[in-house]
Each structure stands twice: as C-alpha cells, then as structure tokens.
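Colleague: Here is a sequence with its predicted model. Questions after.
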Amino acid sequence: MAAGSTTAPPVQAAFRVFPVQVEDAVRLTPHMVRITFGGPALADFRTGHRDQRGKILLPVAGQTEPLVPEDVNGAGWYAAWRSMPPETRPVLRTYTFRAQRTEPDEVDIDFALHGEGGPAGRWAAAARPGDRVLLVGPAREDAGGVDFRPPPGTGSVVLAGDETALPAIASILEGLPPELPVRVFAEVSGPDEEQALPGPAQVRWLHRGHGPSPLPEALREAELPSAAPYFWLAGEASVVKRLRRHLVSERDIDRGAVCFKGYWRRGLTEDQDDSAAVPASN
C-alpha cells in the first residue's frame, strides 16, 4: 500500500437479517394483532419510518425457529434464502414496520388476520413471547423500502387503503406536520375493525362487509383537496390500480403526485406473486 493511502471502509449492506424474539402480542381489533419483537441484534436496525417495509422469515413445520440464510457467496440475503432447500426454507412475507423503539430495542409489526389466513397470519394469531423469527430490515438510514415521498411544495395529503395499509397509514400520520391538511379513506370489514389513528387527520372509515371494496366509489364521490395534493394508495392490487386510474385519468392528477402500492393480490399468496416476493433491497 502506498504511503499515506487509506483503505475505504466496506459499504454496509442496506438490508440485513435480524434474529429476534417475540416480546408481546396485543390484539388491536378482532382481526389485527400487534407483535413486538426484541433482541440485541436490533441495536443496528435503522427504520426510515413512514411506510418502511421489510421482510419477516418464519419457521416451517417441524422447526421452532427459522434457519438463517447463510450468504456464503456475497450475493445477499435474498439469494441465500432462495438457494435453501424448499423443505427447510423459511416462509417469507413482506410487512410494514409499524414502530421502532430503543432502550430496549424493539420493533412492532401489525398483522391483519383473515379467516384461516396464510402461514404468516396463522403464526401471528398464535404468537407467544419467546417465539423466534428473523426480520430483514434496514441497517442504515438510507436503506430504501420507503415509498411515501411527497414532493416539495405539497400542500395536502390523501391516504387510502384497506386494513393491510393501516400500519403504514398510522406511521405516515405520526410523521406529518400537524398543520398539513390530511384526509384518510380507510377500508375495513366492519366497525369493530376501526382503530385509533394518530394526528388530526380527517378520517373516513369504509365498511365492506362481504361485498367488494368501497374505496373506488368513495374516492370517486369525494371532493378532493385543491392545495397541491399528494396521494398515497395501498391495499389489494386491482383496487389500488383502479384508484390510481381514477385520479390520473379522470381527475387529471399528475402521475408524480400519486404513489400506489399493491400490498396483496386477491387469490394469490406472496409465494405465488413474484412482484411481492422481490426483496426491498439487498
């Protein structure tokens, strides 16, 4: 090495695997449970808040905790996970990190429970303190996985989504200035699934019962703010596409002012939906 030269520090991976254990499980509503995770590894967890997304890796049948994907070739945790034998590969699902705290280091994830549900819902419904899982989350402030990014000059915000979007909506509301006008269109199955949301936002709860999503009609009938609005839409993919199409094509809203995320697809699990299985970042 030449005199006076220095070795650049290695670039820290944006996302990494965090072994954690369940600290608490609380029912927020009959079909929404908040799981609090803790563990020393979370000292290096760096959520970007807002709608920060990441992954949870769950044990498969016969395991008490998931096997850790070993990144022996430097390709990243996702490639390591994909290379594991299917019979021992942890179940992978995408979730919003609802909150992070320090002293002690903890992370909350809110799980929507749907009837029999999939493996993540079944796991969450039965979760108990001490249960061990893996979180794949941000290890640095600029890791990515945050989509709520209103442009400069935004004068108002509209948030719309079903219950799968409620954790992100709540986290977004916590970070908005109280003077910013905010409207929320929140779809749940019925009144017992409503929950307290932070901030002074104007919230309209929509109850679908056993029918189709009421979100498209509610947005179509709504008088939208005129003060440079920014729209964030999330939930079932086909519904979200309809909402965006209405705003852009019928309301003449600039595409750059509409953020839309399909959190799930009707009739498909995340294993079957390649778009959902793509990692937030390596």
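Modeller: Everything's here; your move.
Colleague: list the helices and strands the longest strand along the chain packs on?
Modeller: The residue-count maximum for a strand in the chain (DSSP state E) belongs to strand 15-29. In terms of contacts (3 or more CB pairs under 8 Å, 6 or more residues apart in numbering; DSSP states H and E), strand 15-29 is packed against strand 32-38, helix 77-82, strand 106-112, strand 132-138. Quick note: C-beta positions are derived from backbone N, CA and C, even for glycine.
Colleague: could you give me the average pLDDT of it?
Modeller: Averaged across strand 15-29, pLDDT comes to 97.
Colleague: what about that strand, distance to the chain center?
Modeller: 13 Å (CA atoms, centre = their mean, to the nearest Å).
Colleague: for stretch 174-187, same thing?
Modeller: Per CA atoms, centre = their mean, the displacement of stretch 174-187 from the mean C-alpha position of its chain is 18 Å.
Colleague: Any idea how far apart the tips of it sit?
Modeller: 19 Å (CA to CA, to the nearest Å).
Colleague: buried residues in it?
Modeller: The neighbour-count check on stretch 174-187 (16 or more other CB atoms under 10 Å) flags 176, 180, 182-187 as buried.
Colleague: Am I right that P216 sits in a strand?
Modeller: No: with DSSP: H, G, I helix; E, B strand; the rest coil as the criterion, P216 is assigned helix and is not in a strand.
Colleague: How about it, nearest residue that isn't a chain neighbour?
Modeller: R242 (4.8 Å; CB to CB, 6 or more residues apart in numbering).
Colleague: quick one, the longest strand of the chain and strand 132-138 angle?
Modeller: 110 degrees (axes from the mean of the first three to the mean of the last three CA atoms, to 10 degrees).
Colleague: what angle separates strand 15-29 from strand 32-38?
Modeller: Using the same axes, to 10 degrees: strand 15-29 against strand 32-38 is 140 degrees.
Colleague: Give the pairing partners of strand 15-29; include direction for each.
Modeller: Sheet pairing for strand 15-29, assigned by DSSP bridges, gives strand 32-38 (antiparallel), strand 132-138 (antiparallel).
Colleague: Quick one: these as CSV, columns for distance to R98 and mean pLDDT too.
Modeller: Below are those laid out as CSV (distance: least, CB to CB, whole Å; pLDDT from 0 to 100):
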stretch, distance to R98, mean pLDDT
strand 32-38, 7, 98
strand 132-138, 12, 96
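Colleague: right, and the ones you listed - which one's nearest V107?
Modeller: strand 32-38 (5.0 Å; CB to CB).
Colleague: what helices or strands is the helix or strand just after the closest one leaning on?
Modeller: Using DSSP states H and E, the helix or strand that directly follows strand 32-38 along the chain is strand 53-58. Contacts defined by 3+ CB pairs under 8 Å, 6+ apart place strand 53-58 against strand 91-96, helix 119-126, strand 132-138.
Colleague: follow-up on the earlier one: to G262, which of the helices and strands packed on strand 15-29 lies closest?
Modeller: Taking CB to CB, strand 106-112 is the member of those nearest to G262, at 15.0 Å.
Colleague: and the angle from the closest one to helix 119-126?
Modeller: Taking the same axes, to 10 degrees, one finds strand 106-112 and helix 119-126 inclined to each other by 110 degrees.
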